[in-house]
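In: Sequence and predicted structure are below.
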Amino acid sequence: MLWWNTAGALDRQVDAAIRADATALAERRRAGGIPALIAAIDDRLVLDVQNEALYILVMPDGRKLVGNLEAWPQEAEGELPWLRIPLQRDGATTEARLLRVDLGQGHRMLVGRDVAEKLRLRGLLSEGIAWAATASAAFAVLGGWMLRRALERRLSPVYRTAAAVGAGDLAPRVPLSERDDEFDKLGTTMNAMLDRIAQLMEGVRGVSNAIAHDLRTPITRARAKLEDALVTAQDEDALRAAVEQGIADLDGIVRVFQAVLRIAEVEAGGRRAAFEATDLVPMLTDMAELYGAAAEAREQRLEVTLPPRLPLVGDRDLLGQAMANLLDNALKFTPEGGTVALSARTEPGGVEIVVADDGPGMPDADRQRAGERFFRADAARTTPGSGLGLSLVRAVAALHGGLVALGETHPGAARPGLKVTLRLPAA
């Protein structure tokens, strides 16, 4: 753009001046003939103080009539009207830009300008542009190098953290600055990802340890019973009873594995394909009827408070399983004569379901860990179960984009109870 607006403008200016001069001389010839044209060229040569104007007018036989060019140049015999030729003027070589004009009746004229000075100016301009381009390239290279070093310096903690994690150490985290720029946002996101990975890995280790410890006892007990029956059984009925007891123990172990697989499936999001618009009130009503009968058998009360409708988009079967786990836990830890309350209500953007009991409740430390697979509070050690009920509830809530909150039914009471609140978005 700089070249076009400077050197190109000079060339265009010269051509425009030559064309205008040639047009004016041709008009003068048409108005006054060849004598008037000769007079006009002489006048122009007299007024040319800078000695840049070039003229020659020749007759049909090639003889010169007027002008400051010594002879008609051989280069002007071509087809193109414009030409650029070297000239010898005042003992020096210069360059001329000329326009050939055919005047008719064999008369021809060349009108031009000495462009040596403009060529020198263009040379200086070219040199300046070359130096400027070189300096710009140098600054660009330097700036690129500095930018790369700055990026490497800011990203080096990310590289080191990723390398450490790749080597198997999940403890390092990306250090953050106080700038809160894009690199800090990247570091924050990466740290959150590493926290989640560490949590999942810890969960896997916890599940493996829990399976090894919690399932070893029932498997060993079933094996011992079968061995004892094999040695001490007096008749076929005793042996059959021992086998049936062993099968029951193994069925319990199978149920534990099925619960673990179900939780893994839910956490993997594999059940989202079954999401559909549904009303939770019929499902909650069925659960209330089913567990209401169980509560009556234990001399407990199940109080139900439900709205007319609870619209939701989700998996009805998984939500039913989650509610079954909550009600089963509530009835299990509520003493005889106690009350279990099931309530639900709509709230802006979703629904809230609450299951509250009159049981012993949970300490704060246990409530923080409740939902971990195979975790059981001290008060629950003597009751049947595997510690997977709340894990499934939390997994189902997470699948639906909701959350589970644990609290006390009667804060400050001797038996504070446990209140489980399940909040789910409507869509």
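Out: Done, it's in. Residues are numbered from 1 along each chain as shown.
In: And the strands in the stretch 151-300 of the chain?
Out: Along the stretch 151-300 of the chain, the segments classed as strands by DSSP state E, counting those that start in this stretch run 276-279.
In: try the stretch 301-427 of the chain
Out: Secondary structure of the stretch 301-427 of the chain (DSSP E, counting those that start in this stretch): strands at 301-305, 311-314, 339-347, 350-356, 403-407, 419-425.
In: Can you tell me the closest non-neighbouring residue to the most centrally placed residue in the chain?
Out: What sits nearest the mean C-alpha location of the chain, by CA atoms, centre = their mean, is Leu186, with 10.6 Å. Nearest residue to Leu186 in three dimensions, chain neighbours excluded: Val158, at 6.8 Å (CB to CB, 6 or more residues apart in numbering). C-beta: built from backbone N, CA, C; applies to glycine.
In: quick one: that neighbour and Thr189 touch, right?
Out: No: the criterion here is CB atoms under 8 Å, and Val158 misses it with Thr189 at 10.6 Å.
In: Neighbour count for these two, which is higher?
Out: Each of Val158 and Thr189 has its neighbours counted (other CB atoms under 10 Å); Val158 has more, 15 against 11.
In: List the contacts of that one.
Out: 174, 183, 186-187, 190 (CB atoms under 8 Å, 6 or more residues apart in numbering).
In: ok, now with 10 Å
Out: With contact taken as CB atoms under 10 Å, 6 or more residues apart in numbering, Val158 is in contact with 174-175, 183, 186-187, 190.
In: Give me the common contacts of Val158 and Thr189.
Out: Val174.
In: coming back round to it: can you check which of the strands of the stretch 301-427 of the chain gets nearest to Ala140?
Out: Among these, the nearest to Ala140 by CB to CB is strand 419-425 (51.6 Å).
In: Note down every partner strand of the closest one and its orientation.
Out: Strand pairing for strand 419-425, using DSSP bridges, gives strand 350-356 (antiparallel), strand 403-407 (antiparallel).
In: Using CSV, write out every CA atom in the first one.
Out: Translated: strand 350-356. C-alpha atoms of strand 350-356 as CSV (Å, rounded to 0.1, in the frame of the first residue of the first chain):
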residue,chain,number,x,y,z
GLY,A,350,-38.0,-28.2,40.0
VAL,A,351,-39.4,-30.4,42.8
GLU,A,352,-38.3,-31.2,46.3
ILE,A,353,-38.9,-34.6,48.0
VAL,A,354,-38.3,-35.1,51.7
VAL,A,355,-38.1,-38.3,53.8
ALA,A,356,-37.8,-37.7,57.5
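In: could you give the angle of that strand to strand 301-305?
Out: Here the directions of strand 350-356 and strand 301-305 differ by 160 degrees (axes from the mean of the first three to the mean of the last three CA atoms, to 10 degrees).
In: Run the angle between strand 350-356 and strand 339-347 for me.
Out: Angle, strand 350-356 to strand 339-347, by the same axes, to 10 degrees: 170 degrees.
In: With the shortest one instead?
Out: The directions of strand 403-407 and strand 339-347 differ by 140 degrees, with the same axes, to 10 degrees as the criterion.
In: Report the buried residues of strand 403-407.
Out: Neighbour counts using 16 or more other CB atoms under 10 Å place 404, 406-407 of strand 403-407 among the buried residues.
In: Glu227: what's it in contact with?
Out: 242, 246.
In: Show me what counts as buried in stretch 355-371.
Out: Buried-residue list, stretch 355-371, by 16+ other CB under 10 Å: 355-362, 366-367, 370-371.
In: nope, stretch 343-358 is what I was after
Out: Quick answer for stretch 343-358 (16+ other CB under 10 Å): 343-344, 350-358.
In: Kindly report the same for stretch 10-18.
Out: Those would be 10, 14, 17-18, for stretch 10-18 by 16+ other CB under 10 Å.
In: min pLDDT across those residues, which one?
Out: Ranked by pLDDT, these bottom out at Leu10, which scores 80.
In: What's the first helix or strand after whichever strand or helix holds that residue?
Out: Per DSSP states H and E: Leu10 is located in helix 7-47. Going down the chain from helix 7-47, the next helix or strand is strand 53-58, by DSSP H and E.
In: now for that following strand, which elements pack on it?
Out: helix 7-47, strand 64-67, strand 92-104, strand 107-114 (3 or more CB pairs under 10 Å, 6 or more residues apart in numbering; DSSP states H and E).
In: mind listing what's buried in the second one?
Out: Spelled out, it's strand 64-67. Buried residues in strand 64-67 (16+ other CB under 10 Å): 66-67.
In: and that strand, which strands flank it?
Out: strand 53-58 (antiparallel).
In: same check, this time on the third one
Out: Each strand paired with strand 92-104, and its direction, by DSSP bridges: strand 82-89 (antiparallel), strand 107-114 (antiparallel).
In: For stretch 177-197, the averaged confidence score.
Out: For stretch 177-197, mean pLDDT rounds to 88.
In: how long is stretch 354-366 end to end?
Out: 19 Å (CA to CA, to the nearest Å).
In: now Glu336: how far from Ala295?
Out: 10 Å (CB to CB, to the nearest Å).
In: Compare these two and say which one has the larger neighbour count.
Out: Ala295 (20 against 7).
In: picking that back up, quick one, which of the strands paired with strand 92-104 is packed in tightest?
Out: strand 107-114 (a mean of 22; mean count of other CB atoms under 10 Å).
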